[in-house]
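Q: The following comprises the amino acid sequence and a computationally predicted model.
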Amino acid sequence: MSSLPSTQPTQSLRLSAPAKLNLTLRILGRRADGYHELETVFQLLDFGDQLTFHTRADNTIAVHCPGLDIPPEQNLVYRAADLLRHSVGKNAGKEAVGADINLQKNLPAGGGIGGGSSDAATTLLALNHLWRCNLDLEQLAGLGRQLGADIPVFVHGHSAWAEGVGERLTPIAVEPMWYLVLTPDCHVSTGELFSHPRLTRDSAAITLAALRDRRLTKQWLAQYAGNDFQPLVEALYPEVRNARAWLAQFGAAQLTGSGACVFAAFDSEEAAQNVLKKRPEGLEGFVAAGIDQSPAHEQLAKFAAIV
Ligand SMILES: C[C@](O)(CO)[C@H](O)COP(=O)(O)OP(=O)(O)OC[C@H]1O[C@@H](n2ccc(N)nc2=O)[C@H](O)[C@@H]1O
Ligand SMILES: Nc1ncnc2c1ncn2[C@@H]1O[C@H](COP(=O)(O)OP(=O)(O)OP(=O)(O)O)[C@@H](O)[C@H]1O
């Protein structure tokens, strides 16, 4: 995969953290370390969180995130920033490696759309630039992997076919589609689901060979879409079951990640918006286009070009 643009450092930066959907998700088996081997398709979306980074003259990392009810030091944004500065040994030197980071959350936490993971990846990209760490994308993805299996895809910033625990990535082009994503008001714990005795974890592999020219078409999806978490999540969370059953009236509807969000694909924004307007009271959601490239990378490249 490509490396990052190298430029003079700057003092502040505003970048997006896009959401993802898992267009298919198969669990192939459990490894000795407890993690699971997967096959999944990551589709990036043109909707996500927003982050602003300002470097500081001291070594403090301060994360401001109105509305997210967790201690700042547990925020994946803080953990990514701290991991980056420790791993490059910068915090031991004379140069200040602090930052004020403002996180505007638009994505629900624990929704299976990768919000926290994307925030962490965007933080690695931004601070690698601002702190002049000069790590390449592989190195940043390796750091991200230490914090979560979903982070590497956002570091590389391309919709992808993924294997391993989700870190072995092959960039793909997905036929353009609009997605209606419903966000049931419940929080699903990824760790609990992966360790649940009733989880299906012996699916047959599809392999990348099924994706001709690394292009994913609607026909491919019709054959291979699905999510091994779905039966279990629907059994445990009636809100998810009800949301998907409602959406299934309008198209093939499925779970993303380990839930709780469910989605369906449409040919136009208008078609997706029309369905969103009809949603039952109390059920929220959003419409977004599928994109192959992360806006964070485009923003960083543009930024680097003008400083
Ligand atoms: C379900 C997906 O969202 C699909 O993209 C991901 O596999 C989950 O990725 P994630 O949320 O970044 O997961 P992590 O934070 O790394 O792990 C949470 C917990 O899920 C389990 N886990 C995660 C990923 C994986 N391939 N196998 C696992 O068994 C591990 O027990 C881990 O303790
Ligand atoms: N910046 C953050 N945004 C959201 N959640 C965060 C963040 N930092 C830490 N967390 C914690 O991580 C948990 C999972 O959040 P996240 O939004 O990544 O879940 P998810 O959408 O299910 O992700 P994935 O699809 O990667 O499993 C949350 O419940 C929250 O406690």
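A: Right, received. Where do you want to start? Ligands and ions are numbered 1, 2, ... in the order given.
Q: Please name the residues that touch whichever residue of the stretch 101-250 of the chain sits closest to ligand 2.
A: The nearest approach of the stretch 101-250 of the chain to ligand 2 comes at residue 116, 2.7 Å away (CB to the nearest ligand atom). Where you see a C-beta, it was placed from the backbone N, CA and C, and this is true even at glycine. Residue 116 makes contacts with 75-76, 109, 148, as judged by CB atoms under 8 Å, 6 or more residues apart in numbering.
Q: Write out the residues of the chain neighbouring ligand 1.
A: 22, 25, 34-36, 38, 40, 112, 117, 148-150, 165-166, 190-191, 194, 257-258 (CB under 6 Å from any ligand atom).
Q: What subset of these is buried?
A: 22, 25, 36, 38, 40, 112, 117, 148-150, 165-166, 190, 194, 257-258 (16 or more other CB atoms under 10 Å).
Q: By pLDDT, give me the weakest of those residues.
A: The lowest pLDDT within those belongs to residue 166, with 90.
Q: thought that one was touching residue 153?
A: Yes: between residue 166 and residue 153 there is a contact at 6.9 Å, judged by CB atoms under 8 Å.
Q: pLDDT weak spots in the stretch 201-307 of the chain?
A: In the predicted model of the stretch 201-307 of the chain, residues 306-307 satisfy pLDDT under 70.
Q: Now the helix or strand hosting residue 116: buried residues?
A: Using DSSP states H and E, residue 116 sits in helix 115-130. Residues of helix 115-130 classed as buried: 115-130 (neighbour count, 16+ other CB under 10 Å).
Q: so what's residue 147 up against?
A: By CB under 8 Å, 6+ apart, the contact set of residue 147 is 76, 79-80, 83, 120.
Q: at 6 Å instead, please
A: Shown in contact with residue 147 (CB atoms under 6 Å, 6 or more residues apart in numbering): 79, 120.
Q: Find the residue closest to residue 49 in space, skipping its chain neighbours.
A: residue 17 (4.3 Å; CB to CB, 6 or more residues apart in numbering).
Q: The helix or strand hosting the one you found vs helix 115-130, what angle?
A: Under the criterion of DSSP H and E, residue 17 resides in strand 12-30. Our comparison of strand 12-30 with helix 115-130, counting by axes from the mean of the first three to the mean of the last three CA atoms, to 10 degrees, yields an angle of 130 degrees.
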